[in-house]
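# this is a predicted model, with the sequence first.
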Amino acid sequence: MTEQTPKMEGAPLIRPSTTDHALYDSVVEACRSVYDPEIPVNIYDLGLIYTIEIGPESDVEIIMTLTAPGCPVAGEMPGWVADAVEPLDGVKTVNVEITWEPPWGMDMMSDEARLELGFM
């Protein structure tokens, strides 16, 4: 008997990123330069960046979340991300949106972030 993963009907999905675009790795590294001021780990490894979508004209759309809706830098962090990505060679425009679906959870952190925060 095989174990099956339960289906969560109606659960929001995170849109896939454009990982095959030449700018993708540079955009990820730029996101890694932004830190949540309350947590000593970059926002990419924290799992706050849900989607990096790069269009054919090198327009970058980033969908991100925050650790909590009451985050004191909620109004500023999208600008920090845009400021980090915009200067990259080849990037035409940057748009950063905040979403609360799905809600962020500690399981979204990379192994590096868990190690850094003492969860491993």
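Now that the structure is in, tell me what you want to look at.
# where do the helices sit along this protein?
Here the chain has its helices, by DSSP state H, at 24-31, 77-85, 111-116.
# can you say which of those helices is nearest to residue 51?
helix 24-31 (11.1 Å; Cβ to Cβ). Backbone N, C-alpha and C define where each C-beta goes, glycine included.
# for the closest one, buried residues please.
Using 16 or more other Cβ atoms under 10 Å as the test for burial, helix 24-31 gives 24, 26, 27, 30, 31.
# could you dump the residues you listed to a markdown table with pLDDT?
Formatted as a markdown table, the buried residues of helix 24-31 follow (pLDDT from 0 to 100):
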| residue | pLDDT |
| --- | --- |
| 24 | 97 |
| 26 | 97 |
| 27 | 98 |
| 30 | 98 |
| 31 | 97 |
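# between these, which is nearest residue 70?
For these, the nearest to residue 70 is residue 31 (22.3 Å; Cβ to Cβ).
# wait, that closest one sits on residue 52?
Yes: counting by Cβ atoms under 8 Å, residue 31 does reach residue 52; the two are 7.4 Å apart.
# so who does the residue nearest in space to the middle of the chain touch?
Nearest to the geometric centre of the chain sits residue 49, at 0.4 Å (Cα atoms, centre = their mean). Contacts for residue 49 (Cβ atoms under 8 Å, 6 or more residues apart in numbering) come out as 28, 31, 43, 62, 63, 64, 81.
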